[in-house]
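Enquirer: Need a 3D model of the sequence below.
(2 chains)
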Amino acid sequence: MNRLILRLMRPYLLVALLVTAGATAYLFAAASTVQHQLDARGLPECVNPNDCWPTGGAMDAILGAELLAATTPFLLGLLLGVPLFARERDEDTAAFVLTQSVPARRWATAKLAWAAAAAASCAAVVGLTYRLVMGRYTILANDLYELLELLHLNNPLFMLALSASTAVTAGVIGLVAGGTARTFLLSLVWWPVGLVVAFGGAALLGVPLALLPIEAPRREAPPDDFTGDIALMDGFAYVSTVALVLYIVAIVFAGRHRAARAAV
Amino acid sequence: MSDDVPRPAVLTHSFSVERHGRRVLHDVSFALPFGAVTALLGRNGAGKTTLLRAMAGLLPHRGTLEILGRPSGDEVRPRVGYVGQHAPLYRTLSVAETLRAGARLNPRWSAAHAKRLVDAAGLRRSARVGRLAPGQRMRLAVIMALAKRPDVLLLDEPFAPLDPVARTELAGTLMAEVAAEGTTVLLATHVVAEVDGMCDHVVLLGGGRVLLAGGIDEAVDGHRLAVGDDTDRAALAGADVVEVRPGSGGFTALVRTGPPPPAALTWQRPSLEELVLAYLREDSA
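Expert: Residues are numbered from 1 along each chain as shown, chains lettered A, B, ... in the order given. Predicted coordinates for the structure are as follows:
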């Protein structure tokens, strides 16, 4: 069953890999562009926007990286989630697979799990590259892109959870609504819901955590070192990730239930 | 049901299906004996496809559906084969990949049987399913269902995309399967000629209801065509008339047999086609 699922996903996996490779390559190129500007100014190690505010191509590269980090997880999730069941319904192949000997619940669960895993893996690559390669440079201009950063929280774990939740949500929308174009549009409309769940869930989960007498370790940094900004939202990102994981589990159960009702 | 009456292979009772808030099948009840080849007949939109999809577990339903003595569901699914209209198969897979998928998805899969049927159908294993002609795709879909070694086979218009030669070959394959395995077949079509001589039972649907269900011989024997002049119409009084059709100066009526027929009329045994058409016309009226 798993082989068949992966075989059916192959075209979309290839596109997702291309997107991942392209995004990763862009992040490396963007980091290189900013570093070149810092080198040219004779401040290769600068991490203080007051000393080395990027301009021109370097600023564009940072903007590009921010946009990419904010949108790629969603794009990957849509790529892998939208065709998952919508295409099956378009071509009525669900009538073939659901009349084999595999229970519909198992089929739906396995498909959603593979889509989520693939989206999460690709988003993890992009997220880690962003954090490890580009993160140091984005802090030079993060005053400008705070809103964009709210979409990815500078955190690879949050980004992969967001991607997986998008894939699973789009998959279940396809299962319920059918039609690739319809599923794509509904998934786009549904897009902010994932964020609301993540941040709302984080708020709910975070309040009890904040009441615990735990002091987060603090790193003593010199006043001109802004690298701490990279990890500023990590705590919130981890709690948001937990909320997203709970959301994914709920959506998968809804998908299983829908598949078992067999109204495909 | 008493112990000496064999349980049917398929039993529906008060079986109803709703789609988009509209009831498509109304209290459908019939029984298919083991090893029967049953024609599911009806006009376009009568509910044949809906009935088969619901029986295959693709649509939620109300009422009773027992297959092989058990409620329909995951437990009996491995023993039920289904071929949908237009042969829904993955178009991006090759024939060989489709067969491998069948083997992985079905514990009762017979690779040897599949190979034999694919060879007989002349299908190239490397061919993409999407590039097969509709008739070849349908052959492959039927092979996928047969290699699953089903006890009950549900076929939705399998002959529609086939040329006459392929149609004969497929009918032969199905008949051989029934003879060898005792498979119970329910075959939907709206062409009566396709099933005459091939099926031994019939379920006739009209407007989502069962108009007639049972053995073909019993059904035909249970009806008579009455032919007479207009002046003799009164002779039909009290008869259980299915349909009366005016002709040139007279009429033809299909009547359920009961008491001895009035001598004023000429009585004939109807053909299956005459029987089916009479019911369908009456239902449409």
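Enquirer: Looking at the stretch 101-250 of chain B, what residue ends up closest to chain A?
Expert: At 3.8 Å from chain A, residue B:105 is the closest residue in the stretch 101-250 of chain B, using C-beta to the nearest C-beta. Glycine gets a C-beta too; all of them are placed from N, C-alpha and C.
Enquirer: Quick check, that residue in contact with residue A:101.
Expert: Yes: at 5.9 Å, residue B:105 counts as touching residue A:101 under the criterion of C-beta atoms under 8 Å.
Enquirer: show me where the stretch 101-250 of chain A has helices.
Expert: Counting by DSSP state H, counting those that start in this stretch, the segments of the stretch 101-250 of chain A that form helices are A:104-129, A:135-138, A:146-150, A:156-177, A:180-211, A:234-261.
Enquirer: Just name the most buried of the ones you listed.
Expert: helix A:156-177 (a mean of 27; mean count of other C-beta atoms under 10 Å in any protein chain shown).
Enquirer: now the angle from that helix to helix A:180-211?
Expert: Relative orientation of helix A:156-177 versus helix A:180-211 (axes from the mean of the first three to the mean of the last three C-alpha atoms, to 10 degrees): 140 degrees.
Enquirer: so what secondary structure elements neighbour helix A:156-177?
Expert: helix A:56-91, helix A:104-129, helix A:180-211, helix A:234-261 (3 or more C-beta pairs under 8 Å, 6 or more residues apart in numbering or on different chains; DSSP states H and E).
Enquirer: so what does the third one touch, helix or strand wise?
Expert: Counting contacts by 3+ C-beta pairs under 8 Å, 6+ apart, the secondary-structure elements packed against helix A:180-211 are helix A:56-91, helix A:156-177, helix A:234-261.
Enquirer: okay, the angle between it and helix A:56-91?
Expert: 120 degrees.
Enquirer: Give the rounded mean pLDDT of helix A:180-211.
Expert: Taken as a whole, helix A:180-211 has a mean pLDDT of 82.
Enquirer: And for the first one?
Expert: Average pLDDT, helix A:56-91: 91.
Enquirer: now do the second one
Expert: Within the predicted structure, the mean pLDDT of helix A:104-129 is 94.
Enquirer: can you give me the angle that helix makes with helix A:156-177?
Expert: Using the same axes, to 10 degrees: helix A:104-129 against helix A:156-177 is 150 degrees.
Enquirer: Distance from the chain centre to helix A:104-129, please.
Expert: Distance of helix A:104-129 from its chain centroid, counting by C-alpha atoms, centre = their mean, to the nearest Å, is 11 Å.
Enquirer: what helices or strands is it leaning on?
Expert: When contacts are defined as 3+ C-beta pairs under 8 Å, 6+ apart, helix A:104-129 sits against helix A:2-41, helix A:56-91, helix A:156-177, helix A:234-261.
Enquirer: Quick check: which of those is nearest to residue A:149?
Expert: For those, proximity to residue A:149 was assessed by C-beta to C-beta; helix A:56-91 is nearest, at 6.8 Å.
Enquirer: how about the next helix-or-strand element following the closest one, does it reach chain B?
Expert: Remark: after helix A:56-91, the chain's next helix or strand is helix A:94-97, criterion DSSP states H and E. Yes: contact between helix A:94-97 and chain B, assessed by C-beta under 8 Å from any C-beta of the partner chain, occurs at A:94-97.
Enquirer: and of the helices and strands packed on helix A:180-211, who's closest to residue B:84?
Expert: helix A:56-91 (10.9 Å).
Enquirer: Give the buried residues for that closest one.
Expert: A:58-59, A:61-66, A:68-70, A:72-91 (16 or more other C-beta atoms under 10 Å in any protein chain shown).
Enquirer: Out of the residues you listed, which are close to chain B?
Expert: residue A:91.
Enquirer: ok, the residues of helix A:94-97 next to chain B vs residue A:166, which is closest?
Expert: Of the residues of helix A:94-97 next to chain B, the one sitting nearest to residue A:166 (C-beta to C-beta) turns out to be residue A:94, at 21.8 Å.
Enquirer: That closest one contacts residue A:86, doesn't it?
Expert: No: using C-beta under 8 Å, residue A:94 makes no contact with residue A:86, being 10.3 Å away.
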